[in-house]
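Colleague: here is the input, now give the coordinates:
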Amino acid sequence: MTLPTPELHTERLRLRPFTDADAAPLYALQSDAHVLRYWDSPPWTDPARFQTFLATCRRIEEEGSGARLAVERVSDGAFIGWCGLFDWNPDFRSASLCYVFDAATWGNGYGTETAQAVLRWAYDTLDLNRVQAETDTRNAGSARVLEKLGFVREGTLREDCIVNGDVSDSWVFGLLRRDWEATAESR
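Modeller: All right, here's what the predicted structure looks like:
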């Protein structure tokens, strides 16, 4: 079963499938040690890594396990980050959410706006009941984004990652369909 990567729109953003034209800006983002300081894999050191990323985008779409979307600003067409839905399980009606944005865009609400669009697609089109997200316990900004979206912190995965050589804990957040629908009026 395939899961076609959608094109989603918000007032300020366009979320779309990745293209070859995204190679340079994605490499700049994924090679930024500051941006990835809480990410569970090291910054990229080889621009060719984009081809592996793009192949993974196509593979997860074809096998129906997720979707990765490039995020660009409508006002200038600038690539500012990406968001993904992965581990989609239609039987359990669940999936996991991830996102990463250029540091220059932090604090402008782009993460929240992007995730809202992806969550709307997840609940309305994919008929999910639960979306999960994890963040390093040191990443207060990401935790704030998830809480603004209505996610509930459900627990801590102790020492589950090694980030930049440091053993790290992660918080697990969950957002149920009923909680998403209950806050629909405020979005």
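
Colleague: could you look up the SS state of the closest residue to L146 other than its chain neighbours?
Modeller: In this structure, L146 finds its nearest non-sequential neighbour in F173, 4.7 Å apart by Cβ to Cβ, 6 or more residues apart in numbering. In short, each C-beta sits where N, CA and C put it, glycine included. Under DSSP: H, G, I helix; E, B strand; the rest coil, the three-state class of F173 is strand.

Colleague: give me the beta-bridge partners of F173?
Modeller: Beta-bridge partners recorded for F173 (DSSP bridges): A133, R153.

Colleague: how about it, what does it touch?
Modeller: 132-135, 143, 146-147, 151-154 (Cβ atoms under 8 Å, 6 or more residues apart in numbering).

Colleague: and with 10 Å instead?
Modeller: Contacts for F173 were tallied using Cβ atoms under 10 Å, 6 or more residues apart in numbering; they are 96-97, 131-135, 142-143, 145-147, 149-155.

Colleague: list buried residues within these.
Modeller: 96-97, 131, 133-135, 142-143, 145-146, 149-151 (16 or more other Cβ atoms under 10 Å).

Colleague: from those residues, which land in strands?
Modeller: If you go by DSSP state E, the buried ones among the contacts of F173 have 96-97, 131, 133-135 in strands.

Colleague: coming back round to it: just name the closest of the buried ones among the contacts of F173 to Y27, please.
Modeller: Lowest distance from Y27 to these (Cβ to Cβ) belongs to S142, with 21.8 Å.

Colleague: in this structure the closest one contacts V100, no?
Modeller: Yes: using Cβ atoms under 10 Å, S142 is in contact with V100, at 9.4 Å.

Colleague: this completes my enquiry, with thanks.
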